[in-house]
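# Fold the stuff below for me.
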Amino acid sequence: MSKITKVNAAILIIGNEILSGRTQDTNTSTLAVWLNSLGVQVNEVRVIPDIKKIIIETLNILRKNNDYVFTTGGIGPTHDDITAESVSEAFGLKYEIHQEAYKILESYYKSGEFNEGRQKMVWMPHNAELILNPTSGAPGFSVENVFCLPGVPSILKSMLGGLKQKIIGGDPILSHTISLRTIESEIANSLSKVQDHNKDVEIGSYPFFHAGKLGVSIVLRSENQSRINNCISQVLEFVKEKNIEIVDR
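Sure thing, here's the model as predicted:
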């Protein structure tokens, strides 16, 4: 049997607007789904404020403990966009104008529009690799295993296609969902027994409310389809014994 290769990542959401509740974070879901499709499992997500010391300390922890780190937010033109400067300090690199990024934005904006605020977006760590932005021009960047993306969800999503070749994933993470017309307490013991016998499959239980009725979705995740299939059989066995209805969502 071939050895399963596991590759992991952390997501670092940077921005006071997320912590205050003014802006809803959807980037975590976008990144996690995309990374899973590449065989990269998200181990951790952190949300932190626009404070340089915290950004540096958190980034240094995450980049040592994960194969990849993706940051979102803080690379725009305003005074509180300090991600690029913080990443420079975290890696001990000079914070400077990225010549290629400068040329991209200089040609992107009309004459006179490439003002001092927008020029701030071309300041990056020395020798950073650009992540091209097909939506609004301003590129993201990467340094070693850290990839820095904007906080605007539509722009972030548009930039992922250009990153695909830079990410080396492990075995694809497969999943299967079984939705039941039941409550968690009714299946808790049975589901625990299935998990005890299948340590290499991640089993999650998620309540839902659909068409005026309560239900529970059981999600089975693994890199190995046969192991998922074993779990499916065991779950369906106790579902049949308890006479629980399986539903489509």
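
# domain assignment for the chain?
7-166, 174-246 (automatic domain parsing).

# Rebuild those as TSV, extending it with mean pLDDT.
As requested, the domains of the chain are exported to TSV (pLDDT from 0 to 100):
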stretch	mean pLDDT
domain 7-166	95
domain 174-246	94
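
# which one of those has the most crowded surroundings?
Ranked by mean neighbour count, these are led by domain 7-166 with a mean of 17 (mean count of other C-beta atoms under 10 Å). For the C-beta atoms, the positions are set from N, CA and C on the backbone; glycine is no exception.

# quick one, phi/psi of the nearest residue to Leu160 once chain neighbours are set aside?
Nearest residue to Leu160, sequence neighbours excluded (C-beta to C-beta, 6 or more residues apart in numbering): Trp34, at 5.4 Å. Main-chain torsions, Trp34, degrees, to the nearest 10: phi -60, psi -50.

# Then His126?
According to degrees, to the nearest 10, His126 has phi -50, psi 130.

# show me what contacts it?
His126 makes contact with 88, 93-96 under the criterion C-beta atoms under 8 Å, 6 or more residues apart in numbering.

# Swap in 6 Å and give it another go.
With contact set as C-beta atoms under 6 Å, 6 or more residues apart in numbering, His126 has these partners: 93-94, 96.

# Then Phe147?
Phe147 sits next to Phe70 when contact means C-beta under 6 Å, 6+ apart.

# please redo it, this time with the cut-off set to 8 Å
68-71, 131, 140, 163, 166.

# One more: Asp200?
Counting by C-beta under 8 Å, 6+ apart, Asp200 touches 222, 224, 227.

# got those residues as TSV, with distance to Glu237 and secondary structure columns?
Putting these into TSV (distance: C-beta to C-beta, whole Å; DSSP: H, G, I helix; E, B strand; the rest coil) gives the following:
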residue	distance to Glu237	secondary structure
Ser222	18	strand
Asn224	20	coil
Arg227	16	helix
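
# In a helix, Ser175, correct?
No. Assessed with DSSP: H, G, I helix; E, B strand; the rest coil, Ser175 is strand; it does not lie in a helix.

# Touching, the residue nearest to Leu160 and Met159? I think so.
No. In this structure, Trp34 is not within contact of Met159 by C-beta atoms under 8 Å, at 10.7 Å.

# just to revisit the earlier point, which of the contacts of His126 fall within strands?
Glu96 (DSSP state E).

# of the contacts of His126, closest to Leu149?
Of all the contacts of His126, Leu93 has the smallest distance to Leu149: 18.6 Å, by C-beta to C-beta.

# hang on, that closest one packs against Pro125?
Yes. Counting by C-beta under 8 Å, Pro125 is a contact partner of Leu93 at 4.2 Å.
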